[in-house]
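> Below are the sequence and a predicted model; questions follow.
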Amino acid sequence: MRAAIGLGSSLGDRRRALEVACRRLGATPGLSLLAVSRWYRTPPLRGGSARGWFLNGVAVVECALDAEALLRVCRAIEARAGRRRARFWGDRTLDLDVLVVEGTVRAGQSLVLPHPALRARPFVWGPLLEVWPDVVDPKTGDRIGASELSGLPRPVRRGVCAIPRRVVPPVG
């Protein structure tokens, strides 16, 4: 099954942190990196304690792991990058969020799928649509469509991702 992972960083060499995270995702047994969006520069969310601007993007993986195992992989990659979970919406070296796992709806304490803020954050669904244009919200069965693209931040530069950007082919 396919899964989408949101990536963000607001500290240090942000681009390098995101690219290393993508390489680590692709090197994880049970995961195969299918596509990575361009990087988008976005301001910190209001209400949080972050002060630095973020680089954000989305990676799509083919996943043989269950959703909880995928979350554990993401948290291990964050920890390896120096992530500390001390402040609510604070600055961070690396943030990996499991956004969508094909056909999976979950409302657990540690993981909610699809990600509850998926449709509220253009810096998440915009890059997601860039690499997985036919993604379906498994909770509603609705396809996230191009009509939602208003308000999308502009990418940092064309072709900035060191990992080749590939669009995930439609299913069927």
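Here it is on my side, so go on.
> For the longest strand seen in the chain, which strands pair with it and how are they oriented?
When the chain is parsed with DSSP state E, its longest strand is strand 54-63. Strand pairing for strand 54-63, using DSSP bridges, gives strand 2-9 (antiparallel), strand 31-36 (antiparallel), strand 40-42 (antiparallel).
> Export the ones you listed as CSV, with columns for mean pLDDT, distance to residue 20 and mean neighbour count.
For the C-beta atoms, the positions are set from N, CA and C on the backbone; glycine is no exception. Output for those, formatted as CSV (pLDDT from 0 to 100; distance: least, CB to CB, whole Å; neighbours: other CB atoms under 10 Å):
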stretch, mean pLDDT, distance to residue 20, mean neighbour count
strand 2-9, 94, 10, 25
strand 31-36, 95, 12, 21
strand 40-42, 84, 18, 19
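> As TSV, the ones you listed with distance to residue 101 would be great.
Listed next are the strands paired with strand 54-63 as TSV, based on distance: least, CB to CB, whole Å:
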stretch	distance to residue 101
strand 2-9	4
strand 31-36	12
strand 40-42	22
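> phi, psi of residue 68?
phi -70, psi -40 (degrees, to the nearest 10).
> Test my guess that it contacts residue 109.
No: applying CB atoms under 8 Å, one finds residue 68 not in contact with residue 109, separated by 10.9 Å.
> Please identify which of those two sits among more neighbours.
residue 68 (13 against 5; other CB atoms under 10 Å).
> which residues does that one contact?
Going by CB atoms under 8 Å, 6 or more residues apart in numbering, residue 68 touches 108, 110-111.
> Residue 78 now?
Residues near residue 78 by CB under 8 Å, 6+ apart: 92-96.
> Identify, from those residues, the entry nearest to residue 27.
Distance to residue 27, by CB to CB, is smallest for residue 96 among these, at 14.4 Å.
> right, and that closest one touches residue 9 too?
No: shown here, residue 96 and residue 9 do not form a contact pair, counting by CB under 8 Å, at 9.9 Å.
> quick one, phi psi at residue 124?
Torsion angles, degrees, to the nearest 10, at residue 124: phi -100, psi -60.
> Surely it is in contact with residue 42?
No: taking contacts as CB under 8 Å, residue 124 lies outside contact range of residue 42: 9.6 Å.
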